[in-house]
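Participant: from the sequence below, what's the structure:
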Amino acid sequence: MINGLFEIHINVSNADISVEFYENGLGLERIFYDNKRRSYFFIGLVTQVRQC
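Facilitator: So this is what the prediction gives:
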């Protein structure tokens with residue numbers, strides 16, 4: 001089981017479908033999205049990441 005993850009980069013062919021999967025399929029919290037189609041998600045608690 002993954003308790004937390006700070007950073008990972010994944011190239012995808014369809015950002016919209018991928019974001020849908022990460023948010024609704026895996027239940028990840030999207031914390032950032034920009035016009036270059038980059039999205040950032042948290043796995044675990046935000047406080048755990050900030051303590052690193």
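Participant: could you check how many residues crowd around the closest residue to residue 10 other than its chain neighbours?
Facilitator: Residue nearest to residue 10 in three dimensions, not counting chain neighbours: residue 18, with 7.7 Å by CB to CB, 6 or more residues apart in numbering. Yep, even glycine has a C-beta here, placed from its N, CA and C like the rest. For residue 18, the count of nearby residues is 16 (other CB atoms under 10 Å).
Participant: what about this structure, any weak spots by pLDDT?
Facilitator: Residue ranges of the chain with pLDDT under 70: 1-6, 44-52.
Participant: all the strands of it, in order from the start?
Facilitator: Ranges of strands in the chain, per DSSP state E, are 29-33, 39-42.
Participant: buried residues, the last one. List them.
Facilitator: Read that as strand 39-42. Using 16 or more other CB atoms under 10 Å as the test for burial, strand 39-42 gives 39, 41, 42.
Participant: how near is residue 7 to residue 16?
Facilitator: Counting by CB to CB, to the nearest Å, the separation of residue 7 from residue 16 is 22 Å.
Participant: who's more crowded, those two?
Facilitator: residue 16 (9 against 6).
Participant: got a list of what the spatially most central residue of the chain touches?
Facilitator: In the chain, the residue lying closest to the centroid (CA atoms, centre = their mean) is residue 41, at 2.1 Å. Residues in contact with residue 41 (CB atoms under 8 Å, 6 or more residues apart in numbering) are 22, 23, 28, 29, 30, 31.
Participant: isn't the first one up against residue 43?
Facilitator: No. Under the criterion of CB atoms under 8 Å, residue 22 is not in contact with residue 43, lying 9.7 Å apart.
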